[in-house]
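> 3D, please:
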Amino acid sequence: MRRRCRCGSGVRFPPGAQGGGAGCPAPAAHHPGGGPADVGSLDAILAALYDVISGPAGQARDWDRMRSLFTPNASMIPVNRQGAPTEVDPRFLSVEDYIELAGPFLEQRGFFEREIGRVIERFEHIAHVFSAYDSRWTADDLEPFARGIDSIQLVWDNERWWITNIMWWGVGPDFEIPGKYLEQR
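Below is the predicted model:
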C-alpha cells in the first residue's frame, strides 16, 4: 500500500520508501511527476535519467523531471580516487545535493552523457542495472572525455519504476569498459 506524505504535498510514496512522517523532506525533494513515458519501464527511466542531465551550454535542465525519477530519500554516490589507485572516497549526496552542486556546472558548461551498454539483474519488484556510459562536453564531440559505470538500484511499485540509489565510477576516456557491461542494451 502506498503512503501519502503528511507535509501537504499530496505525494504518494512507493511501498517501503521512507518519508511522509515527521522527517518528511520538503515537497520539492519528492516531486510527484514521472509520467508513464519516463517511468513505465526500465528502458524509459534509464533514458530519462541520461536525458535530463544532458544538454548544451546555457540550457536549463528540468530538475523537477529529475526529482520525479527518484524515491524521496534516494542517494547519488560518486566514487572518486583518493591518492593511490586502491584508495576510494564515496560521496553520499541527495538528489537535491546533486542538483545544487552539479546543476549550475552542467547548465553553464554543457554536458552530454549517453548509455553505451547495460546489464540488468531483476528479481520481482527490484532491479539492479550496471549502465556503462560515456560523457562529452558537446553532442558533436568525436571522443568522450570520460567513461564509467553507473550502478543503479530501482524498485517497481506496481505502477512505475523509482530509482532508489545510483553509485558511479567515472574514469578517463581511454578506460576500457569490460565487455560484459556492454552486452545488453
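> burial measure for the closest residue to Gly55 other than its chain neighbours, as a count.
Excluding the flanking residues, the one nearest Gly55 by Cβ to Cβ, 6 or more residues apart in numbering is Arg61, at 6.1 Å. Placement of C-beta: from N, CA and C, glycine included. Arg61: 18 surrounding residues under other Cβ atoms under 10 Å.
> Would you confirm that Arg61 contacts Leu49?
No. Using Cβ atoms under 8 Å as the test, Arg61 is too far from Leu49 to be in contact (11.9 Å).
> quick one on the thing from earlier: residues in contact with the residue nearest to Gly55?
Residues in contact with Arg61 (Cβ atoms under 8 Å, 6 or more residues apart in numbering) are Val52, Ile53, Gly55, Gly103, Leu106, Glu107.
> Make TSV out of those and add neighbour count and secondary structure.
Formatted as TSV, the contacts of Arg61 follow (neighbours: other Cβ atoms under 10 Å; DSSP: H, G, I helix; E, B strand; the rest coil):
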residue	neighbour count	secondary structure
Val52	19	helix
Ile53	20	helix
Gly55	17	strand
Gly103	16	helix
Leu106	21	helix
Glu107	17	helix
